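In: give me the fold of what follows.
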Amino acid sequence: MPSSPGVLPGPRAGAAAPSPATRYEQATIDELGTPLSAVTFVVVDLETTGGSPTDSAITEIGAVKVRGGEVLGEFQTLVDPGAEIPPYISVLTGITSSMVAAAPRIGTVLPAFLEFARGAVLVAHNAPFDIGFLKAACAENGFAWPPAASVDTAVLARRLLTRDEVPNCKLATLAPYFSTSTQPCHRALADARATVDVLHGLFERLGPLGITTLEELSSLTRQVDPERLRKRHLADDVPHGPGVYVFRGPKDEPLYVGTSTDLRSRVRSYFSAGEQRSRITEMVGLAQRVEALPCAHDLEAAVRELRLIAQHKPRYNRRSRFPERALWLRLTEEPFPRLSVVRRVRPGAGVFLGPFPDRRAAGAAAAAVHEALPLRQCTARLSPRSTGNTACALAGMGRCGAPCTGAQTVEQYARIAAVFRAAVAADPRELVAPLLRRVDRLAAAERFEDAAVLRDRIAVLVRAVRRRQRLESLAGVAELVLARPDGEGGWQLSVVRRGRLVAAGNAPRGTSVRGTLPDLLATAETPVGPADEPAASVDETELVMRWIEKPGTRLVQVQGTLACAAPGTGAYSGFLARVEAGRAERNPFADGRSLSTRARPDRVTGGRVATRLGSPA
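Out: As a prediction, the model looks like this:
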């Protein structure tokens, strides 16, 4: 009777016992895996009409099937995307709409490609991009995506190469380094052939590391630094729920501040293979403990994170560390006011527009204002009795009324300055309208570069006015109580005073919001400073404003007036959208995908990873 599969047969009655010379040998570890030389790889590359499968389509598929260093076959076809190919894509790839006019649609091409790749391991350079497009195409056309393994040569290169060898891990950089037989040229088959040579070049780095099987290769790309693994216990006491986490260093100094809707899951992710940022790897290596600050909801967490970063300025945080460096455009308070760029807002010291992230943006807004209004640009302080000066060149060009010569009275100049004041307060039409007309005149005269420069300056100016008016509308409210559904039948509550979050809480399901409010208001912070001034930073007030504008937010009670300035900047929303769309297409050749090498890539020796903090890789 045959034995059951997977069960060793025992000795039968009457059978001779095994002789002492009979030896049973256990298979080696190498025999348990799939040798790389026996694995069939399909290296694929796509050309598309854009960067996202949600609004772009495939225009070309190229693939090469290899096994054991031998090419078994190639697959290449153009694909009709069903829409016009953007001109800058045609310049980049050489694929035009006329070339794909007679090509098959993706629904016709996919069965042939899936059959070509059946049973193989997919390989791509920046695999999430190419495989993401293929998965989206399969879902759209009703094809099941096969559960195939995949290898990303970009990730593999980051594991195996140092910055001393290659400055980055783009295909165009790796191809000459590995002396590929085909140079990548943004055509699918050529790029796939180049990726094959890069893959084989990377495989040559695997032998000395003891990596000979597909399973070991897969574990290499998911390798976690031992130093990071040893610190997983730092997340043991971190609770679930929204809040702020602070990584603290050897002297208990804050190294990094972050926020999450689930603190425990987020902190644990720092000790997994998913975290590959070099500076964060370095930070985790220095961290000695993690401090968790639970919060009532996401707004409180975001505000507390912002305040902690501004207070401690952790060296591993990049954003919001220096809010005091923001710049403002100020119209001075004097008989003949002028524009100046300042860092502080002082009540009663003039009209302030901003904030701006840098001096370049502030200068662009000032230049736009000077294009529309003949405000003086000299820095000397003028009095109504200053009449003996000589007019500058701007006066001769009609860009200034020359109040320094007595050609303009204080009243005449005040009417010009009032246009700027009105624009910042409520109505920018008189300031912006002549600028837009000038853009049209420049474009009609085919001075497109000048028109684009002025258009961008106007956009910076209008955004600054919009931002200022939004902040003022919230900062002027004495008290505001807001509620948002928590998704479980309860409510998230926030108390805001003069733009500052002063209390946060929850009204669970079955609890009255009105009944919760008295205790929440009793424990709310009382902002310091004059009642007519904002009580929070610009960034905090904007966080609150965005929370208010989310769908589902309810206004529970208000003390004061919450209203937007009229007519405001709403009429320029279409203009700003067009400028933003033009900016996205201004540099279509820039590769926004991050493929840079790790600053401290893991050194793999004998299947193990060794990482030293502070030492070059």
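
In: now do the strands in the stretch 451-600 of the chain.
Out: With strands called from DSSP state E, counting those that start in this stretch, the stretch 451-600 of the chain shows them at 479-485, 491-497, 500-507, 554-559.

In: give me whichever of those is most buried.
Out: strand 491-497 (a mean of 24; mean count of other CB atoms under 10 Å). C-beta coordinates here come from the backbone N, C-alpha and C atoms, glycine included.

In: just so I know, which of the strands of the stretch 451-600 of the chain lies nearest residue 294?
Out: strand 500-507 (11.1 Å; CB to CB).

In: just the C-alpha atoms of that closest one, please, in CSV.
Out: C-alpha atoms of strand 500-507 as CSV (Å, rounded to 0.1, in the frame of the first residue of the first chain):
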residue,chain,number,x,y,z
ARG,A,500,-5.6,79.9,18.9
LEU,A,501,-6.7,76.4,19.9
VAL,A,502,-7.3,76.7,23.7
ALA,A,503,-9.1,73.4,24.5
ALA,A,504,-9.9,70.1,22.8
GLY,A,505,-12.1,67.3,23.9
ASN,A,506,-14.6,64.6,22.8
ALA,A,507,-18.3,63.9,23.3
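
In: how about residues contacting it?
Out: By CB atoms under 8 Å, 6 or more residues apart in numbering, the residues outside strand 500-507 that reach it are 295-297, 299-300, 303, 483, 486, 490-496, 513, 515-516, 519-521, 523-527, 534-536, 540-541, 543-544.

In: and what of stretch 482-493?
Out: For stretch 482-493, contacts defined as CB under 8 Å, 6+ apart pick out 296-297, 299, 481, 494-496, 503-511, 513, 516-517, 520, 547-548, 550, 552-556.

In: I'd like the strands of the stretch 451-600 of the chain as TSV, with mean pLDDT and distance to residue 328 appended.
Out: Formatted as TSV, the strands of the stretch 451-600 of the chain follow (pLDDT from 0 to 100; distance: least, CB to CB, whole Å):
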stretch	mean pLDDT	distance to residue 328
strand 479-485	93	25
strand 491-497	94	23
strand 500-507	93	19
strand 554-559	91	28
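
In: related to what we said a few turns ago, which of the contacts of strand 500-507 are buried?
Out: For those, a neighbour count by 16 or more other CB atoms under 10 Å gives the buried set as 295-297, 299-300, 303, 483, 486, 490-496, 513, 516, 520-521, 524, 527, 534-536, 540-541, 543-544.

In: now, those that are in helices?
Out: Counting by DSSP state H, these place 299-300, 303, 513, 516, 520-521, 540-541, 543-544 in helices.

In: among those, which one has the lowest pLDDT?
Out: Among these, residue 513 carries the weakest pLDDT, at 88.

In: correct me if wrong: that residue contacts residue 556.
Out: Yes. Residue 513 is within contact range of residue 556, at 6.6 Å (criterion: CB atoms under 8 Å).

In: okay, now the unreliable bits of the chain?
Out: By pLDDT under 70, the weakly predicted segments of the chain are 1-33, 219-226, 229, 273-276, 386-388, 583-617.

In: and the helix of greatest length in it, what's buried?
Out: In the chain, with assignment by DSSP H, the single longest helix is helix 448-475. Using 16+ other CB under 10 Å as the test for burial, helix 448-475 gives 451-452, 454-475.
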